[in-house]
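Participant: requesting a structural model of the entry that follows:
(4 chains)
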Amino acid sequence: MSVSTPKERRIILKHADDPNYSNRIGCYLREGGYENLKKAFSMQPGEVGEEVLKSGVRGRGGAGFPAGMKWKFLDRKSGKPIYLICNADESEPGTFKDRQIMYKDPHQLIEGMMITAFAIGAKQAFIYIRAEFHEGARILERAISEAKKAGFCGNNILDSEYSCDLVVHRGAGAYICGEETGLIESLEGKRPNPRIKPPYFPAVLGLYQCPTIVNNVETLCNVRHIIGMGGEEFSKIGKPNNTGTRIWCVSGQVMKPGYYEFECGSLTLGQLIFDVCGGLRPGRSLKAVIPGGSSAKVLRADERFSGTLKDGTEFDWGLEDIPLDFDGPMAAGSMSGSGGIIVMDDTVDIVEAMANVNAFYAHESCGQCTPCREGSLWMRKISQRMCSGGAREEDADLLLSVAKQIEGRTICAFGEAAAWPTQSFVTKFKEDFIRKATDSPKERDPKSLQLI
Amino acid sequence: MAKTVVLERKPLSFSERTYLPQIATGLKTTFSNMFKPKVTLQYPEEKPVIPNNYRGVPTLVKDPNGREKCVSCQLCEFVCPPKAIRITPGSVPEDQDDREHVEKAPQEFEINMLRCIYCGYCQEVCPEEAIFLQDEYSSSGFTREEMINNKEKLYELGGTIPDRHYKWDKKKEAETDGNTH
Amino acid sequence: MIAPDNKEMVNITLNGIEVEVPNGINAVEAAALHGKEVPHYCYHPKLSVAGNCRMCLVEMGTPMRDRASGEPILDEDGTPKIGWVPKPVIGCATNITPGMHLRTESDLVNECREGIMEFLLVNHPLDCPICDQAGECRLQEFATDYGRGYSRYVERKNVKPKRTRLGPRVTLDDERCILCSRCIRFSQEVAKDDVLGFVDRGSFSTLTCFPGKELANNYSLNTVDICPVGALTSTDFRFKMRVWFLKESKSVCTESSAGCNTLVSSREGTIQRITPRRNDQVNDTWMTDSGRELYKLVKAKSRIRRPSFQGSDLPLDDAISQAFEALKNKKIGVVASCHSSLEEQFLIKRLVEETGAKVFIRGHFGEDDGILLSADRTPNLRGALVAGLTNHYPSDHLNDLNESLADGHVEALLVIGEDLKDSGVNEDNLRKVPLVFLGTHQNSTSDCAEVVLPGLTVFEKSGSLINRSFFLQSFDQAIPCPAGLMTDFKILARLIDLFSEDSIAPSELDQIWEALSSSENSVLKGITFLKIKKGAIQLDESKWEHLSFVEKEALHYLPTGVIAS
Amino acid sequence: MMEWMPQGLWFEVCLKVFFAFMMVGAVMTMAGYSVLAERKVSAWMQGRVGPNRTVLPFVEYIPIFGPLLKKLGMFQPLADGLKFLFKEEIVPGHVNKFYYYLAPLIALVPALTTMTVLPFGQMYWNDGTVSTLALADLEVGILFVFAVSSLGVYGIALAGWSSNSKYSFLGGIRSSAQMISYELAMGLSLLPVFLWVCAPGSSESGLSLSAIANSQSGGAWLFLVQPLSALIFLIALFAETNRLPFDMPESETDLVGGFHTEYGSFKFGIFFVAEYAHIVIGSAIFTVIFLGGWHFLPFIEDPWPANWIGSLLGVGWFLAKTIFLIFFFIWVRWTLPRFRYDQVMHLGWSKLLPLALVNLIVYLLIVTVIDQNAAANL
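Facilitator: Residues are numbered from 1 along each chain as shown, chains lettered A, B, ... in the order given. I've put the predicted structure just below:
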């Protein structure tokens, strides 16, 4: 590590670990809360949108689509009501950033949402929160009632003409509810079957067939800070096209797992793992890292990544050199996704790791599209059989082929989410799969970790 | 292209032209044959050994559990060139313990042995391996009606076949184990 | 239905060939117009698009344009460069835009189809031998076309409930279900009876009825028709006959004046089932459950199988002579029927003209369900109008006949199928006169008839009917008529011949149509039977617009009054 | 001669009739068993067993003997005959009924008639006289044989014509042609025999069959003296009896059944018996003429005593030779293939006839020379 590791820059989680800070409105107001809402209300809604577009903030949900651009797609001509939905259905294995925000600083989200609602002209906003976050829902509901009492939300916000109701909706307990059209369906009270695009783009035909904006919790929080510091200023944080800070959720076999907020691109994966997180346990070596939640492609520790970035610079990285922003992991063939970094050391059985990932996706597939519905369960059955001593040498190729048949042929991105881990695990660790078929005992060691 | 070669015929000697020595040789051959062992099979008492792939009278077989295998898919009826097979499909009531997971079975199954040509298509087409042309080859009767084998007769002729086709058992097993979510 | 109803023709490039298709239709239909089949399961032309089976994946592209100038980008050889969408798109949800490029036969498309087929089959039971759908199963068909031919799946298949009772007429086998959701969409969108849904998720998704509900509406069997596999089966037809034995004949449902187009499937003279036949102007691809059961009338106990005279059987020829004896030289009353075909009604009209008889006709009415079961429960009331049997709208009784019988204006009766006691005719009045009954089934009128002539059901004869929208539609003979019997219009023709000394009545369909279409101011002018067989013919209904038809607004039907207002 | 017997013409006649029935019975029995022999021998030659099922009731329970009879098929001829009798009588609709019924009789009667002149042994009377055992020992026996046996062909020709069937008709035609062709060679082949037997000055008629047989007693059998004659006669005999390889009239491969295509049941049975009767008679005649008749071996005096025992042994010996010849007929049938019709004609006319003529001339010369020498010595 020749370059010294930069320090954390906490914007969104500024007060997260502050012992003198609670999630009540008093604390929030004490730290300058809702000032930015007032600032936004002094502007025209279009200007707010311009600021956000200027800031270049990209969606923190996983796809990394510029938020300002998304708002521009909104169909305002139809005359139908516009809805704002906060996607707080944080279900990606390895990701736990939104939960911190909602639990520790809910008013930040409410302020961001109100600014956004004002900017897009929504009269009704929803927070679609993951079903398992009982506590989070309670905190948010309390915070909303506090905000309503204080006039930051609900009717005639800040005594203006503008009103926007905010409702917390608890999800239906499925991963697919985090997919924006699935979320909309679920919010409408149906099975969260993602909709086909075209024609059901949420910005045009969203909730109840009306124009709808769906944004991630972190993105909406960022809106608050963009208005606070101005779009121009915000865009200076981080790198061009990768503006702002990002919260990295590190889990797995590191000494200090947790969430860390850094400026985009300010540090590398190696710095995060070995310096910030205190490195691996003694005597162990790094085997693999999943950089963006379980649906991202796995990266192998001894891999080399080379190629040309979008801005034309050539690169040749090891795993540790990958810069942590949106484009870095993407250039390495994976993605930063929702920022859930899962670290695996050499004690991890790669096949079992993949079996767990597959089990998750087989369990969570909504069952709408054939390839994902049947393929994910098939992959799960294969990988479970492999772990239970029934591995065959041809299974690796079979898994690859099944994954290939899923990828890109489904309505939503779940197909890719289910296929990519398998594809990367099998191609990058083929020898582990072959060894499973040839060397491993026919029975699974009962003392080993239970498969899900 | 094939090339034609004309061969000269060897001229016959005098003795050959009388044919008498040849006739004598022939007589010798037939005479010596009189004392060679006989190959005749005394049929009703002695039965020939039937090869495994022999195509005798078509029969219906049961699986090793004694359940009928035929599900009356009527493919044999469809494929039968002389239209000798006639099936009346029927459904199996749900509450039959020994036949769980079997939904369909023939109510009546008739093979007209006056029409059957022993082609074996029915055996070939059967998806359940329920119909076999076995080693039974002598089928006779005094009336036309007698020559139509009904379901009971077909099962009587067929018996059970010790194969590994435990379809219904597999289905039952799968259901008992259930889906592992 | 997403596709806008736009008939403007545009050019697209299908598999490298430029073709013309209506703008805005989807890629599946567009390809079908030009003979390229795009396999699909969840897509149904009469239902909304769900896009979940992923079988209709095709490649789609548009000519690339330079962002700045808008000029088309050209390849090295000068042809426009096509920007192909990197992922395959589903044909059912891809609407045609001008200049679009489609590939339905590329390697990628075939690979997609093979993959989807494999996925559909991994948890599909090997039920084909006992599956009623076998032979008309989309899964079988596409498995043959695009299947791998062998299985790579060694795991155990999912177990789901088999033979679930969804309703009185529908049995569900969940293992066979490929979750295309057609039945769900049908129930919601067409039958307007939302009772079906999926429970559980992923590969374990299971079709079921909502708790406490069952699929009992009068259109439930349509879900069986649209089920691309054998998951939904008709309880009536279940395990009865394999479809490859069935002979299909075109027919028309006689349940009501909706006149659904049907296919009658029979084997060796026995009808096994009735299914709807697509006609976008009449019934789309649907029909009622009750209409499907009409075939049971053919073998009903009350069916009249033999001609009889005063209760004893006799040959048909003798029976016709007896009928003539009973009717001749008397003031005849003819009770015609709206159940008769147009041809029969025409001959009844001819008989009436020949004998100077008085015509009585009644209608049969019930509830209108607003879809395909209309309030007029006769198939050919409009036929009776067109044939000129009556000028006023029939009511549901025959009180005037009762009066005529009572005061002796009618001395002999010829009844076509109707039950007179049911129509308000006094039995004592009925007993007074000799009665000739021509009909298919026994009723109280046939019981007191002197001569009974057996008629044929709609499945045993050919003819034509006029439905509520004045569509003239033909039906074909599906099964042979019982031995010794004759089709109704031949019997009528024989009777007419007996009454008239000088002319011979037409006794073949084309002869009847020659006579029907020759009259100058008839709406049937210029029509031949062959023409009707080719497709339904819309008749000019302006002559009868003033009549108050009982039908309400329904699928493909607007009452004349509604149009006027 | 027959002093011990009652005298009288009627008695004579009755006796003759009795003997005639005996003869017919014997010949018919032999014909019947020839059929059995044919089936058995052909079976053996083909690796089969042959008839071994028929048995009379109770007979099969006799130990050893019963099963043996059954195995040999000894009751088969009975069963065959009964079968012919009880089979459904079918007469085609288009036949000439009279000739159709007549034909089998005409075929059978000549065969049986020939046997009247057939000598089959010698009777040594107690008074030392020796008489030939025959129904009628004609001086011109051989001529009678020729004359009568040739009539058999009428039966075949009639059957072929009256059946009104092309197969039968062809069979009949072929039969007539074949009969005519081989009759000539047959007659010519026998002339040297008569020349040889009829020594000059001898009172014996050379045309008497018993004289021919007796001339071979203790000396050379005639087939040794005149092998060519014997051969030609034998071949012609095959042709005359319609046996393979000369069974042109029947020729089932190309004519279905030849002359008897349209015949069934007992009428066919008669044809069948007639054919075998012909074989039996033919074999007997060949035995008499060329194989020394009832006499023992060539150059050896009859070893049996000159009493009734010797008579019986002589008859037995004669039968043995005949049976061997019948076997020979069968043997040849299952060895040689059928000639083509043109080959039959070719063999008859251009081979056998010239050969027989040459044979005749040669023997004429030889006999003349011998006779001259004998005359000189006298």
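
Participant: okay, CA-based contacts and neighbour counts for the rest of this
Facilitator: Fine.

Participant: and the residue nearest the centre of chain A?
Facilitator: A:Ser338 (2.5 Å; CA atoms, centre = their mean).

Participant: ok, now which ones touch that residue?
Facilitator: A:60-62, A:92, A:95, A:292-293 (CA atoms under 8 Å, 6 or more residues apart in numbering or on different chains).

Participant: name the nearest residue to it, sequence neighbours excluded.
Facilitator: A:Gly62 (4.4 Å; CA to CA, 6 or more residues apart in numbering or on different chains).

Participant: so A:Ile157 sits right up against A:Ser163, yeah?
Facilitator: Yes. Using CA atoms under 8 Å, A:Ile157 is in contact with A:Ser163, at 5.7 Å.

Participant: contact partners for whatever residue of the stretch 151-300 of chain D ends up closest to chain B?
Facilitator: Residue nearest to chain B within the stretch 151-300 of chain D: D:Leu231 (10.5 Å; CA to the nearest CA). Under the criterion of CA under 8 Å, 6+ apart, D:Leu231 has no contact partners.

Participant: ok, back up a step: just to be sure, the residue nearest to the centre of chain A is in a helix?
Facilitator: No. Counting by DSSP: H, G, I helix; E, B strand; the rest coil, A:Ser338 falls outside a helix, being coil.

Participant: roughly how far apart are it and B:Pro106?
Facilitator: A:Ser338 sits at a distance of 60 Å from B:Pro106 (criterion: CA to CA, to the nearest Å).

Participant: got the contact list for C:Ile461?
Facilitator: Actually, residue C:461 is Lys rather than Ile. By CA under 8 Å, 6+ apart, C:Lys461 lies in contact with C:476-478, C:481, C:487.

Participant: now C:Ile348
Facilitator: So C:Ile348 contacts C:336, C:389, C:492 (CA under 8 Å, 6+ apart).

Participant: what does A:Leu74 give?
Facilitator: Taking CA under 8 Å, 6+ apart, we find A:Leu74 in contact with A:203-204, A:211-213.

Participant: and those residues, which two are furthest apart?
Facilitator: A:Val204 and A:Ile213 (9.3 Å; CA to CA).

Participant: with neighbour numbers in mind, choose between the two.
Facilitator: A:Ile213 (27 against 21; other CA atoms under 10 Å in any protein chain shown).

Participant: about what we covered before: ok, now which ones touch the residue nearest to A:Ser338?
Facilitator: If you count contacts by CA under 8 Å, 6+ apart, then A:Gly62 has A:292, A:336-339 around it.

Participant: out of those residues, who has the most neighbours?
Facilitator: Busiest of those [other CA under 10 Å] is A:Ser338, holding 33 neighbours.

Participant: mind checking pLDDT for that residue?
Facilitator: Looking at A:Ser338, its pLDDT stands at 88.

Participant: cool, and B:Trp168?
Facilitator: For B:Trp168, pLDDT reads 66.

Participant: what number of residues lie near the closest residue to A:Gly333 other than its chain neighbours?
Facilitator: Leaving aside its sequence neighbours, A:Gly333 sits nearest to A:Lys297 (CA to CA, 6+ apart; 7.3 Å). Applying other CA under 10 Å, we find 27 residues neighbouring A:Lys297.

Participant: residue 264: how many residues sit nearby?
Facilitator: All of this refers to chain A. A:Cys264 has 25 neighbours, counted by other CA under 10 Å.

Participant: oops, wrong one, chain D.
Facilitator: Using other CA under 10 Å, D:Gly264 has 18 other residues around it.

Participant: isn't it up against D:Glu89?
Facilitator: Yes. Here D:Gly264 reaches D:Glu89: they are 6.8 Å apart, a contact under CA under 8 Å.

Participant: which residues of the chain fall in strands?
Facilitator: You didn't pick a chain, so chain A it is. For chain A, the strands defined by DSSP state E cover A:83-88, A:124-129, A:165-170, A:212-216, A:238-239, A:242-243, A:245-252, A:258-263, A:286-290, A:299-300, A:304-308, A:314-318, A:340-345.

Participant: sorry, should have said chain D
Facilitator: Secondary structure of chain D (DSSP E): strands at D:121-124, D:130-133.

Participant: which of these has the highest mean neighbour count?
Facilitator: Of all the strands of chain D, strand D:121-124 has the most neighbours on average by mean count of other CA atoms under 10 Å in any protein chain shown, namely a mean of 23.

Participant: quick check on C:Ile479: phi, psi?
Facilitator: phi -130, psi 160 (degrees, to the nearest 10).

Participant: that one touches C:Glu460, doesn't it?
Facilitator: Yes. If you go by CA under 8 Å, C:Ile479 and C:Glu460 touch, sitting 5.3 Å apart.

Participant: and the pLDDT at C:Tyr150?
Facilitator: 90.

Participant: and it, how far is that from C:Val10?
Facilitator: C:Tyr150 is 42 Å from C:Val10, by CA to CA.

Participant: between those two, tell me which one has more neighbours.
Facilitator: Applying other CA under 10 Å to C:Tyr150 and C:Val10 shows that C:Val10 carries more neighbours, namely 16 against 7.

Participant: what residues are up against the more buried one?
Facilitator: Residues counted as contacts of C:Val10 (CA under 8 Å, 6+ apart) are C:20-23, C:97-99.

Participant: now do D:Leu319
Facilitator: Counting by CA under 8 Å, 6+ apart, D:Leu319 touches D:Ala284.

Participant: much appreciated, bye for now.
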